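Participant: Following is a predicted model, sequence given first.
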2 protein chains.
Amino acid sequence: MSPQRRTGLGTNQEAIRRHNLGTLLRHVHGAGQMSRAELTSLMGLNRSTIAGLVGELESLGISERATPPEGARQGAGRPSAGVRIAEDGPYVIAVDLGVDRAVVARVGLGGRVLQRAQAPVHSHGEAWQVGASVAALIRTVVEDAPITAALVGIGISVPGLVRRSDGLIRLAPNLEWHDVSFGGIVLAALGLDVPVSLANDADLGALAEHTRGAAVDTDELIYVSGNVGVGAGVITGGHRLEGAGGYAGEIGHLRFNPNGRPCHCGNRGCWETEVGAHAIAEAINCPPDKVAQLDEILDGFDKPSPALRATGTALGQGLASIVNLFNPQMVVLGGYFRSLYTLVGAEVNAGLADHALPAPLESVTLALPGLGSDSPLLGAAEIALEPLFVDPVAALGAALVDVRGRLAG
Amino acid sequence: MSPQRRTGLGTNQEAIRRHNLGTLLRHVHGAGQMSRAELTSLMGLNRSTIAGLVGELESLGISERATPPEGARQGAGRPSAGVRIAEDGPYVIAVDLGVDRAVVARVGLGGRVLQRAQAPVHSHGEAWQVGASVAALIRTVVEDAPITAALVGIGISVPGLVRRSDGLIRLAPNLEWHDVSFGGIVLAALGLDVPVSLANDADLGALAEHTRGAAVDTDELIYVSGNVGVGAGVITGGHRLEGAGGYAGEIGHLRFNPNGRPCHCGNRGCWETEVGAHAIAEAINCPPDKVAQLDEILDGFDKPSPALRATGTALGQGLASIVNLFNPQMVVLGGYFRSLYTLVGAEVNAGLADHALPAPLESVTLALPGLGSDSPLLGAAEIALEPLFVDPVAALGAALVDVRGRLAG
């Protein structure tokens, strides 16, 4: 985000330098490795300015020099020296908190998963118990971190409504949590003080797919997360749509069938009661205690039943509302919708085509996540890395080194 | 919008100068008049930079010096000199094209309506006939324009889907127009060549209410337009949500009652069939040919019938979906919803409270438009003025003077 985006402020040299350093890092983070010539052209700055910025990132230990690949020599002159993310540079901890399991990873710039671990979660567990499990997983994934590498922060993906201002989990219906300060619980269990950011899982799925998944270069996209609950993450104009409090994207409660099943929200026939994990499970006669394996079960089918085809139609019809409302270029189908779409894509497409307006319909593509089931996890890494793109110097100043030693102490 | 918003470009001195000149003008345009001290503090630039920018706007004939108001003297020293929009400065033509009438206005910076005219439109008229009527209204409103004042462009509000890339009206269902290049038709009828911009009426309603209506300082807002069709304009993060092609906000076709009335879109029971002008008319036994007077008829009621109260409940229930999806701070009820809400506000509020999730519900306010029925018209003026805020010098270079003389010639 540019320094002036929201405020109508003018700008000055110091703001420009910080903006440019963070923007350059964001480019290298997105691509993994770039030549100085590419950066010069992409950022519209001259070569000496780019060289200065690259030197500053190197001296901070964030990037390192890369030899140009063979055959990179174009025309006369030497090929432009490359910049890549440093091996032992700063990292973040990403947590994907699900209804039945938690996945934790140590993630470096460039979106590299350096170490990962996971454990089951009791779906009606107390927050402090879940927090202790997550803390144990975090201890595991920092075991091999270099002592000099800096931990910039922790990002947590949550299946629920997260207040943007302070990361409070207002409601995680399928964990039965209300107003839980889960970030604080995890930090207390670790005995660490680092920045912690939380956000909704679908919002983070959208962010990750936009950064390095199916929707790179797609500035209008919706990531639809089909799990026990159904939600959406929206990117518009290249930015996350968050709403006033951070709660935007609650598509699971779109009115779908006013005479349908009761929903936990108090209404009847919300879209999530027709296409959520329990509705899919019902359509395939899967017992409720096997819902967590819905992906594998669906992937084992070769011929969908009429009930499953009807669920596909309902998925497409609900997506039509989303296409009419947001006019996205791409809708990424995450969670169980990934397996469902693979099985009943024709029905989904037909339901969408029947119910969307022609103008927004003609430019939208339905897609599977480029990052598989890791989109929310990698999105959690992105929000933890974000301070590095706003002001790398300040973010490193607030980071911790020797995390393993501190956790042991 | 800042120069780097979408592109990840770096920035340079020339881009900064243009950005700052346009940003300063946007501030004065919003407020009508400001002191240099206010601009200095608001833009975070030093006094001499502000003085230079103000001088440049004066020399372009856009702003003029204003004497500080009495009592403005604060502390020691002279009060800061003021800047205000010049009397005979550049202007735009704004057109609000409705299903039954067109309103045209000459509008100056600061949103001042300098001259206005309106005429009925035949609801199934050919586009060239409507274009000729609009051109005649434009000739009327430029009659008193100073010969030296520059016409920057024409903005047109359309009750339908407008393609952002070129302003083509893809669909205006209640005018029965498909793929109409209405901007070109109006320019041809005038024999003028000036920039013309078109956008959806609800999008422009949102823009105007955000700039100088009920939602100034509200960066997350939805303007819901209740006319023959129902649509929404969305502002998020202070920017218009447009979607991939410019079609975002088509809330009229949200699935509401799968067993309801047929909709022109081919489905049944879309929200617009339950709360649009024809549904309201039916609820009050208003004959179809009087739908254009629905505002006055509703304003004449003092006690709503049960049918009208049910329409209010349906309005609130549909708004709940919008609140869940966008988490806005404010929903502005435009078009006939203004009169409907005044009459059955309790039912609208109850329908909303019953169907929205608690977290997004707690921060949303329903409001009437601050600009009355002029929001789409003033939004059309805003999009026509926009080039002045991006680059005032270039926009004036492309503008026309002596428009009356050119139209006569």
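Facilitator: That came through fine.
Participant: Return the residues in contact with A:Thr218.
Facilitator: Taking CB atoms under 8 Å, 6 or more residues apart in numbering or on different chains as the criterion, A:Thr218 is in contact with A:His210, A:Ile235, A:Gln329, A:Met330. C-beta coordinates here come from the backbone N, C-alpha and C atoms, glycine included.
Participant: my read: the first one touches A:Glu220, true?
Facilitator: No: contact criterion CB atoms under 8 Å: A:His210 and A:Glu220 do not qualify, at 10.0 Å.
Participant: more crowded one of those two?
Facilitator: A:His210 (27 against 23; other CB atoms under 10 Å in any protein chain shown).
Participant: For A:Pro258, report the pLDDT, please.
Facilitator: Listed pLDDT for A:Pro258 reads 88.
Participant: my guess is it contacts B:Arg255, does it?
Facilitator: No: with contact defined as CB under 8 Å, A:Pro258 does not reach B:Arg255; the gap is 9.7 Å.
Participant: okay, these two: which has more neighbours?
Facilitator: Applying other CB under 10 Å to A:Pro258 and B:Arg255 shows that B:Arg255 carries more neighbours, namely 24 against 16.
Participant: Which positions in the stretch 301-409 of chain A make contact with chain B?
Facilitator: For the stretch 301-409 of chain A, the contact set with chain B under CB under 8 Å from any CB of the partner chain comprises A:317-318, A:321, A:324-329, A:354-355, A:357-360, A:363-364.
Participant: Where does the prediction get shaky in the stretch 1-150 of chain A?
Facilitator: Per-residue confidence for the stretch 1-150 of chain A (pLDDT under 70) gives these ranges: A:1-11, A:68-80, A:123.
Participant: In it, what residue spans correspond to strands?
Facilitator: With DSSP state E, counting those that start in this stretch as the criterion, the stretch 1-150 of chain A has strands at A:33-35, A:63-66, A:82-85, A:91-97, A:101-108, A:113-120.
Participant: Would you reformat those as JSON lines and include mean neighbour count and distance to chain B?
Facilitator: As requested, these are exported to JSON lines (neighbours: other CB atoms under 10 Å in any protein chain shown; distance: least, CB to the nearest CB, whole Å):
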{"stretch": "strand A:33-35", "mean neighbour count": "18", "distance to chain B": "12"}
{"stretch": "strand A:63-66", "mean neighbour count": "18", "distance to chain B": "17"}
{"stretch": "strand A:82-85", "mean neighbour count": "22", "distance to chain B": "15"}
{"stretch": "strand A:91-97", "mean neighbour count": "29", "distance to chain B": "18"}
{"stretch": "strand A:101-108", "mean neighbour count": "22", "distance to chain B": "21"}
{"stretch": "strand A:113-120", "mean neighbour count": "15", "distance to chain B": "25"}
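Participant: The stretch 1-150 of chain A: helices as residue ranges?
Facilitator: With DSSP state H, counting those that start in this stretch, the ranges of helices along the stretch 1-150 of chain A come out as A:13-31, A:36-43, A:47-59, A:127-141.
Participant: Make TSV from the ones you listed and add mean neighbour count and distance to A:Leu400 to it.
Facilitator: Output for the helices of the stretch 1-150 of chain A, formatted as TSV (neighbours: other CB atoms under 10 Å in any protein chain shown; distance: least, CB to CB, whole Å):
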stretch	mean neighbour count	distance to A:Leu400
helix A:13-31	20	19
helix A:36-43	18	29
helix A:47-59	16	20
helix A:127-141	19	13
